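> here is my input, please return the structure:
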Amino acid sequence: MISFVIPAWNEEKLLGRTLDALHEAAGALDAPYEIIVADDASDDGTCAVARSMGARVVTSGRRHIAAARNAGARAATGSMLVFVDADTIVPAAAARAALSAMRAGAVGGGALVRFDGQVPLYARLLTPAILRLFVATRLAAGCFLFCTRPAFQAAGGFDETLYVSEEIAMSRALKRQGRFVVLRETVVTSGRKLRAYSGWEVLRMMGRFALRGTKAAKDRELLGFWYGSRRDDPQSLWKGKELTDED
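Have a look, this model is predicted:
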């Protein structure tokens, strides 16, 4: 059994497309699957959308993404876990590659990532370098991380002292358990935060991390980029676009 775990806070607008893509991708796998949405204190229709599309909903309610991921993992019944963000499309090729990697002995891994739609110039310039760094250091981007259940348990789950960068800490913990891979296949995630925040705001946030290091990742009050009120996306996610295995 493969368990897809989706942490979600107020994702009624985007969750449906993510679930559609997962059902399509998982249906092509040679394995039974389940989808679990870990609701993180949503006050919109996130849970209703999840249930209407065949996902099982568990409640976290702490507004803490690491805790939501762990809550979903505790409820999962699969021997293989795939953590997917609620605004991320996983093509069948990426799902197949993740399953094949785990069957071949990898304890976990991630995939290449690209953003939907147009993102600001600074993001277009920085993203290739950041992705190359993730591949070189074998770290999974937060929108897509997979692992076996034994490796997840041995790693101690996601670090709940962290409000961000929990996927980086988990990647490092999993690498201590065995072979960790970054797939050549690509998933597509939303660029809405990059579109909704100015380059100056992002630079200021990065400066806080540079000055305070991991202490900043443990202070939710400094992390409005992730935990603040959601801003409108200037573009409509997925508008007029269909994804294929080749994307």
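
> can you tell me the element the residue of the chain most remote from its centre falls in?
Residue farthest from the centre of the chain, counting by C-alpha atoms, centre = their mean, is residue 211 at 26.0 Å. For residue 211, the element it lies in under DSSP states H and E is helix 199-212.

> next one: residue 132
With DSSP H and E as the test, residue 132 turns up in helix 121-137.

> now do the contacts for the residue nearest the centre of the chain.
Closest to where the C-alpha atoms of the chain average out (C-alpha atoms, centre = their mean) is residue 143, at 2.1 Å. Counting by C-beta atoms under 8 Å, 6 or more residues apart in numbering, residue 143 touches 84-85, 87-88, 113, 187, 189. No exception for glycine: its C-beta is placed from N, CA and C like everyone else's.

> rewinding a little: what's the mean pLDDT across the helix holding residue 211?
Average pLDDT, helix 199-212: 74.

> report the buried residues of stretch 102-109.
By neighbour count with 16 or more other C-beta atoms under 10 Å, stretch 102-109 contains the buried residues 102, 106-109.

> cool, stretch 153-163 as well?
Neighbour-count burial for stretch 153-163 [16+ other C-beta under 10 Å]: 154-155, 157-160, 162-163.

> what comes into contact with the longest strand along the chain?
As assigned by DSSP state E, the longest strand anywhere in the chain is strand 180-189. If you take C-beta under 8 Å, 6+ apart as the criterion, strand 180-189 is touched by 84-85, 87-91, 93-94, 97-98, 101, 106-116, 134-135, 138-141, 143-144, 171, 174, 243, 247.

> please flag which of these sit within helices.
Using DSSP state H, the subset of the contacts of strand 180-189 located in helices is 93-94, 97-98, 101, 134-135, 171, 174.

> out of the buried residues of stretch 102-109, which sit inside strands?
Going by DSSP E, the strands hold 108-109 from the buried residues of stretch 102-109.

> make TSV out of the buried residues of stretch 102-109 and add distance to residue 223.
TSV is the format used below for the buried residues of stretch 102-109 (distance: C-beta to C-beta, whole Å):
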residue	distance to residue 223
102	31
106	31
107	29
108	25
109	26
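
> related to what we said a few turns ago, how near is the residue nearest to the centre of the chain to residue 167?
For residue 143, the distance to residue 167 (C-beta to C-beta, to the nearest Å) stands at 8 Å.

> ok so, going back, next SSE downstream of the helix holding residue 211?
helix 214-217.

> helices and strands around that next one, which ones?
Applying 3 or more C-beta pairs under 8 Å, 6 or more residues apart in numbering; DSSP states H and E, we find helix 214-217 packed against helix 199-212.

> can I get the helix it packs on in PDB, CA atoms only?
Output in PDB follows, covering the C-alpha atoms of helix 199-212 (Å, rounded to 0.1, in the frame of the first residue of the first chain):
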ATOM      1  CA  GLY A 199      11.100  40.600  -4.000                       C
ATOM      2  CA  TRP A 200      11.900  43.000  -1.100                       C
ATOM      3  CA  GLU A 201       9.600  41.000   1.200                       C
ATOM      4  CA  VAL A 202      11.300  37.700   0.200                       C
ATOM      5  CA  LEU A 203      14.800  39.300   0.600                       C
ATOM      6  CA  ARG A 204      13.900  40.500   4.100                       C
ATOM      7  CA  MET A 205      12.700  37.000   5.000                       C
ATOM      8  CA  MET A 206      15.900  35.500   3.700                       C
ATOM      9  CA  GLY A 207      17.900  38.100   5.700                       C
ATOM     10  CA  ARG A 208      16.200  36.900   8.900                       C
ATOM     11  CA  PHE A 209      17.200  33.400   8.200                       C
ATOM     12  CA  ALA A 210      20.800  34.500   7.500                       C
ATOM     13  CA  LEU A 211      20.900  36.400  10.800                       C
ATOM     14  CA  ARG A 212      19.200  33.900  13.000                       C
END
